[in-house]
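Novice: show me how the following folds:
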Amino acid sequence: MQTKYKTIFNNSRGMTLVEILIVLAIIGSIMAVIGGRVMTSLQKSRVKQTGIIMSQLSSALELYYSDCNKMPQSLKALIESPGDEECADWGPTPYVKKDLLKDAWSRDFVYESDGSTFSLKSLGKDGREGGSQFDKDLSFDEKDSSDK
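Specialist: Okay, the predicted model is just below:
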């Protein structure tokens, strides 16, 4: 009976270490190609999402301007009433949700206003001025958009 079990175990052949390493190398190569494409698509979607958020903020800023006859000093005025002396006709509900005050990389927008016009900017993936590709700054300037 012992010889029968020895024969079964001796005839069953497992994978060698070299075969396992080859399979892992193939799987790793496939994952590297797919992972790069997924990450590129993710960054493209964040750029598009930031553009959509900036467009929504622009609409909210225009509503604020129509209610208060001036642009807010900061974007926080879109979610919290600045007070009766600042804008008596604010709200009564916030102009945007709080999560719209950040770009797709969870950073605050750079907002500037002279009281009648505004500009919005996202510093991109790297969070610094300038850059190229996904690190490039995204901007929305009311003056430029009204000329088009």
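Novice: please count neighbours and contacts with C-alpha atoms only from this point.
Specialist: Will do.
Novice: in this protein, which spans are helices?
Specialist: Using DSSP state H, the helices found in the chain span residues 2-11, 17-68, 142-147.
Novice: pick the most deeply packed of these.
Specialist: Mean neighbour count, computed with mean count of other Cα atoms under 10 Å, is highest for helix 17-68 among those, reaching a mean of 14.
Novice: what about it, average pLDDT?
Specialist: The predicted model gives helix 17-68 an average pLDDT of 92.
Novice: still on that earlier bit, export the helices of the chain as JSON lines, with columns for distance to E85.
Specialist: Formatted as JSON lines, the helices of the chain follow (distance: least, Cα to Cα, whole Å):
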{"stretch": "helix 2-11", "distance to E85": "89"}
{"stretch": "helix 17-68", "distance to E85": "10"}
{"stretch": "helix 142-147", "distance to E85": "26"}
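Novice: how near is the spatially most central residue of the chain to S29?
Specialist: The structure's the chain has its C-alpha centroid closest to A104; by Cα atoms, centre = their mean the separation is 2.1 Å. Using Cα to Cα, to the nearest Å, we find A104 at a distance of 30 Å from S29.
Novice: same question, F109
Specialist: F109 sits 38 Å away from S29, going by Cα to Cα.
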